[in-house]
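**Student:** pasting the structure only:
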């Protein structure tokens, strides 16, 4: 037993694999938040007047708001005046026109992250809009997408090049005043992705963005907007890693999805930000607002997330099922190890007739991790014939962790049919011993059991992401069994 | 192959094995019988290396190594196989995936390359035929929703695929109807080989009608109190254990 415990400790101490920083001069605004900083951000990005006005409105409202405190989380106070709200890699005169012009150090960073833009992206058929700190530095496959009429670019570019689309859709799903973090994001958002798939177009490839937080003390405030017009289809992948830091880094993203009539959006996330060390120091604060509006009849929105990183995760990707027969799906794996905390789940708001939603949530807690599922299913009076199926499973590894389930149900239409299943289980000694008796190491056995537990979610991920997700769980769980 | 010498083992404060001796040579089939609480399952668990048992005295040599020093997965890779009395369910993990992972772990241990997917499937299908299991079984979760009989057949299938040197069957016959018992016996008989030993732990004689043992042992209060050939099993079936106990006490 003694040797076993030592091994566990060793594994638990294995350092975050992606923990380093790239030494690039940053063009960084002084810490602090006020209207001048917002004007600076807007000016740096050469935004049209409406955008600055929108940001300022959000900021003024944010000043009157308070941080939410209802989540099952313990959060150290955040000093919003100590954060720098703008940082851009310094480029000479013009922005790079091709990869050759991109700072080699930056490309190296992507290599370490496993995103060789010019090789793997092409091989995998994935277009990558890479966000380095706050400014997009490279976008590939733009031409091929343009042929199909798909717009896939950084949010800043969209504001400049397609202001009418941005103005039409921005904030229509997540209003500026939606919540504290969404308001903050609306005021200071740095960059993100913009996707528009026109009527009847099936996007010819998976769209993917890798986010990376780099400069110290720089909060990251992405803003992503994805629109699938009538009959369109798009699958979008988001994956993140962040370098190791001592101080907590704030991350407050907003993602808005809009599916028009007969359109479908699939949004998949593998999140692997720095979770903090084994004492719970450092790590990313991940406060995200993600919401999809299944606006048109027969539209469909699917969220799939694999959350293994961050010190704190506060995230509820939601669907507003407005169109008749629209469908919302949420598949989630959330893993907390060491001192990580996650409060995550979804909201399914049924408004249209015969709307259907499916929720499959798999929470894994190890070490001293705390994992909460929080979900709301709301059936409004207009949602005749609505159906929901919720399955919510928790897996505990060790006896110092916690799993919590907070399901909320509001039904205002008597024709609704709702099902809810929930289980909590532990990885048992019996299961481990059984697999070890077949020659499998304890670590592989644990991974096998955990991956089996998550299977219903993994199979909704695109293939390359599913593999990545399994590896990620293996890395995140290293030695969590004792 | 296996030499157990004066083995004492306890669970918490209770001594279960109290000076057990047993020698098993390659090619032999041994049956260990005994009343409830005699230490049968403890013996199989101790041999396979399950946590929670304290060895207080004695030794177990396996292929000239100290078996008790080895980790459970190491024992498995060295060819010790335990067919579980109560196989656990592992939801979401395919049977075929477990078989492959297990086989490759053994092969890696022997310095062999992984079997390629086609050869592996051919091997598994052949063994499945013997165990009368259909294709759909491969994609099901390990023991997930299996009937008692299916679980036991699955244990023997794993044994056939992994080709261990020492097979320990812990009450593999319990809970089987007669048809399932025949299939399971078929699998066990197919495993008999000159370089492989089989130790069957059982309550009942009926398995021994199908798998004929070379030796039969009576385990009582943590010790083997009588050994004989297969006729001993028949006698036990007829007369019970009491006479053996009394004979040993005399």
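**Tutor:** Received the coordinates, thanks. Since the model is a prediction, treat every value here as computed from it, not as a measurement. Numbering: from 1, shown residues only, chains lettered A, B, ... in the order given.
**Student:** list the buried ones in the strand or helix carrying residue B:235?
**Tutor:** Here residue B:235 is covered by helix B:230-239, with elements defined by DSSP states H and E. Neighbour counts over helix B:230-239 (16 or more other C-beta atoms under 10 Å in any protein chain shown) mark B:230, B:232-233, B:235-236 as buried. For every residue, glycine as well, the C-beta is placed using N, CA and C.
**Student:** need these in a markdown table (columns: pLDDT and distance to chain A).
**Tutor:** Listed next are these as a markdown table, based on pLDDT from 0 to 100; distance: C-beta to the nearest C-beta, whole Å:
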| residue | pLDDT | distance to chain A |
| --- | --- | --- |
| B:230 | 91 | 28 |
| B:232 | 93 | 30 |
| B:233 | 91 | 27 |
| B:235 | 91 | 33 |
| B:236 | 90 | 29 |
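**Student:** would you reformat those as TSV and include distance to residue A:222?
**Tutor:** Below are the buried residues of helix B:230-239 laid out as TSV (distance: C-beta to C-beta, whole Å):
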residue	distance to residue A:222
B:230	75
B:232	76
B:233	73
B:235	79
B:236	74
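**Student:** looks like residue A:353 contacts residue A:324 (just checking).
**Tutor:** Yes - counting by C-beta atoms under 8 Å, residue A:353 touches residue A:324, with 4.5 Å between them.
**Student:** quick check, pLDDT for the residue of the stretch 351-482 of chain A found nearest chain B.
**Tutor:** Chain B sits closest to residue A:452 of the stretch 351-482 of chain A, with a gap of 3.0 Å, by C-beta to the nearest C-beta. If you check residue A:452, the pLDDT there is 91.
**Student:** can you tell me what sits against stretch A:163-177?
**Tutor:** Stretch A:163-177 is touched from outside by A:48, A:50-51, A:54, A:57-58, A:61, A:65, A:151, A:158-159, A:182-183, A:186, A:194, A:196, A:225, A:227, A:254-258, A:289, A:291-293, A:320, with contacts defined as C-beta atoms under 8 Å, 6 or more residues apart in numbering or on different chains.
**Student:** near chain B at all, stretch A:379-395?
**Tutor:** No - judged by C-beta under 8 Å from any C-beta of the partner chain, stretch A:379-395 stays clear of chain B, getting no closer than 9.4 Å.
**Student:** list the buried residues for that stretch?
**Tutor:** Residues A:379-380, A:383-395 are the ones in stretch A:379-395 that count as buried (16+ other C-beta under 10 Å).
**Student:** can you give the distance of it from its chain's centre?
**Tutor:** Computed by C-alpha atoms, centre = their mean, to the nearest Å, the chain-centroid distance of stretch A:379-395 equals 23 Å.
**Student:** what mean pLDDT does it have?
**Tutor:** Average pLDDT, stretch A:379-395: 95.
**Student:** do the same with stretch A:201-212
**Tutor:** Stretch A:201-212 carries an average pLDDT of 74.
**Student:** and if you look at stretch A:406-426?
**Tutor:** 93.
**Student:** mind jotting down where the helices sit in chain B?
**Tutor:** Counting by DSSP state H, the segments of chain B that form helices are B:40-48, B:72-77, B:95-109, B:117-130, B:136-139, B:148-162, B:178-191, B:206-210, B:230-239, B:242-249.
**Student:** so for residue A:266, which of those helices sits nearest?
**Tutor:** Nearest to residue A:266 among these is helix B:136-139; the distance by C-beta to C-beta comes to 24.7 Å.
**Student:** report the buried residues of the closest one.
**Tutor:** For helix B:136-139, a neighbour-count test (16+ other C-beta under 10 Å) marks B:137-138 as buried.
**Student:** TSV for the helices of chain B, including distance to residue B:168?
**Tutor:** Below are the helices of chain B laid out as TSV (distance: least, C-beta to C-beta, whole Å):
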stretch	distance to residue B:168
helix B:40-48	5
helix B:72-77	10
helix B:95-109	16
helix B:117-130	19
helix B:136-139	24
helix B:148-162	10
helix B:178-191	12
helix B:206-210	14
helix B:230-239	18
helix B:242-249	22
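**Student:** so which of the ones you listed is nearest residue A:302?
**Tutor:** helix B:136-139 (23.9 Å).
**Student:** that closest one and chain A in contact?
**Tutor:** No - using C-beta under 8 Å from any C-beta, helix B:136-139 never reaches chain A; the gap is at least 11.5 Å.
**Student:** returning to that earlier point: out of the buried residues of stretch A:379-395, which sit inside strands?
**Tutor:** Assigned to strands by DSSP state E, the following of those qualify: A:379, A:387-395.
**Student:** who are the contact partners of residue B:181?
**Tutor:** B:173, B:206-207, B:210.
**Student:** can you list the residues of chain B near chain A?
**Tutor:** Counting by C-beta under 8 Å from any C-beta, chain B comes close to chain A at B:48-51, B:71-73, B:75-77, B:81-82, B:84, B:87-88, B:90-93, B:97-98, B:101-102, B:105-106, B:109, B:141-142, B:158, B:162.
**Student:** can you flag the buried ones in the residues you listed?
**Tutor:** By neighbour count, with 16+ other C-beta under 10 Å, the residues of chain B next to chain A hold B:48-50, B:72-73, B:75-77, B:81-82, B:84, B:87-88, B:90-93, B:97-98, B:101-102, B:105-106, B:141-142, B:158, B:162 as buried.
**Student:** can you pull out the strands in the stretch 151-300 of chain A?
**Tutor:** A:151-154, A:193-197, A:206-212, A:223-228, A:233-241, A:249-251, A:254-259, A:264-272, A:284-294, A:300-307 (DSSP state E, counting those that start in this stretch).
**Student:** taking strand A:264-272 as reference, get the angle to the fourth one.
**Tutor:** Using axes from the mean of the first three to the mean of the last three C-alpha atoms, to 10 degrees, one finds that strand A:223-228 and strand A:264-272 are set 150 degrees apart in direction.
**Student:** over to the last one?
**Tutor:** With the same axes, to 10 degrees as the basis, strand A:300-307 and strand A:264-272 are set at 10 degrees to each other.
**Student:** so strand A:300-307 versus strand A:233-241, what angle?
**Tutor:** The directions of strand A:300-307 and strand A:233-241 differ by 10 degrees, with the same axes, to 10 degrees as the criterion.
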